[in-house]
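Engineer: Quick one, what's the 3D model for this:
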Amino acid sequence: MLARLSLPPLARSFHTARSLNMVKVVPIPVNGSHANYAYLIIDNKKAAVVDPYDVPKVFKEAENQGVSEIIACLTTHHHDDHAGGNQDLAGKLPNVPIYGGSKQGLAVNHIVKDKDEIKLTDNIHIKLHLLLYYATDPSKPSEAGGVFTGDTLFIGGCGRFFEGTPAEMHAALSYLGALPNETVVYNGHEYTTGNVAFAKTVDGANPAVQKLAWNPFMRLGAEAIKSATGETSELGIMQKLRELKNNFRG
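Structural biologist: Residues are numbered from 1 along each chain as shown. Okay, here's the model as predicted:
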């Protein structure tokens, strides 16, 4: 069974800015039909942006937050609703590094890989884990940070396996489950209502579901999840659970 990643802090992170040690993270709803989030990671008057799909909206929020310089762009993955603003950003700020896992991400000019580290400012230190951006304050190595998960982990759910496999999702969620409970998760979409409704159908007897404290995709060893999927192996459970969610219309 995977370790729990604390979800109440995650739930609180979405609608208001949140401090991450010396840094402030500001969520920005973009691309309304897909309920996407872009983010600003602000250190004093400098900021990195995550998945700035709607660049004018991101710039406006940066101005509202008193940001005077955009210093980097972090691309969680190449899908258009996440990387689609990269070219606009590059056109407006041609010298800004745009990080991503491959050239499939539009305008990516700095390729990153697992275990890479990026020091953006004295207080924004990014570690790459399975191409998930984990931000920490290097002056406080014992304190939990925040992780930007794109389409990997959502509140109460995970992403579809469009291009990946159950094994790859299991590996990513295993990593996330091993992070400190205080870690704040900043994911790429607002799917909470549907995810919680689905969680109740496969894990409804679990009182923690009512509090958003557990994610069924991170409870592959639970008897309720095994029963709901009819599978016994972790990868079989992951595959069937995602199929059930794909077809869920609750």
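
Engineer: And G105, how far from V58?
Structural biologist: Going from G105 to V58 by Cβ to Cβ, to the nearest Å gives 16 Å. (Glycine included, C-beta is placed from N, CA and C.)

Engineer: neighbours around I126, how many?
Structural biologist: When counting by other Cβ atoms under 10 Å, one arrives at 21 neighbours for I126.

Engineer: All the strands of the chain, in order from the start?
Structural biologist: Under the criterion DSSP state E, the chain carries strands at the ranges 18-20, 23-30, 36-43, 46-50, 69-74, 98-100, 110-111, 117-119, 125-129, 132-136, 146-150, 153-154, 157-158, 184-187.

Engineer: Is it possible to get CSV of those strands that adds mean pLDDT and distance to A222?
Structural biologist: Putting those into CSV (pLDDT from 0 to 100; distance: least, Cβ to Cβ, whole Å) gives the following:
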stretch, mean pLDDT, distance to A222
strand 18-20, 69, 30
strand 23-30, 92, 30
strand 36-43, 95, 29
strand 46-50, 97, 32
strand 69-74, 98, 33
strand 98-100, 97, 35
strand 110-111, 96, 38
strand 117-119, 96, 35
strand 125-129, 93, 25
strand 132-136, 93, 24
strand 146-150, 93, 22
strand 153-154, 93, 18
strand 157-158, 94, 15
strand 184-187, 90, 20
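
Engineer: Tell me which of G105 and V58 has more neighbours.
Structural biologist: V58 (27 against 23).

Engineer: The more buried one and Y133: what is the separation?
Structural biologist: Distance from V58 to Y133, by Cβ to Cβ: 16 Å.

Engineer: Then R249?
Structural biologist: Distance from R249 to Y133, by Cβ to Cβ: 33 Å.

Engineer: Have a look at the two and say which one is more surrounded.
Structural biologist: Y133 (25 against 6).

Engineer: My read is that that one contacts I126, right?
Structural biologist: Yes. Using Cβ atoms under 8 Å, Y133 is in contact with I126, at 5.3 Å.

Engineer: who touches both of these two?
Structural biologist: Shared contacts of Y133 and I126, defined by Cβ atoms under 8 Å, 6 or more residues apart in numbering, comprise L74.

Engineer: How is this structure partitioned into domains?
Structural biologist: Annotated domains of the chain cover 20-148, 157-183+190-249 [the TED database].

Engineer: Name the stretch among the ones you listed that sits most buried.
Structural biologist: Across those, averaging neighbours per residue (mean count of other Cβ atoms under 10 Å) puts domain 20-148 on top, at a mean of 19.

Engineer: And that domain, how far out from the chain middle?
Structural biologist: Chain-centre distance of domain 20-148: 11 Å, with Cα atoms, centre = their mean, to the nearest Å.

Engineer: Report pLDDT for L10.
Structural biologist: If you check L10, the pLDDT there is 38.

Engineer: Next: the one 4 residues further on.
Structural biologist: On the pLDDT scale, F14 is placed at 45.

Engineer: before we move on, what about the one 3 residues further on?
Structural biologist: You'll see A17 listed with a pLDDT of 65.

Engineer: Tell me which residues touch the closest residue to D54 other than its chain neighbours, please.
Structural biologist: Excluding its sequence neighbours, the residue lying closest to D54 (Cβ to Cβ, 6 or more residues apart in numbering) is V30, at 4.1 Å. By Cβ under 8 Å, 6+ apart, the residues touching V30 are N36, Y37, A38, P52, Y53, D54, K57, V58, G85.

Engineer: Good, we can wrap up now.
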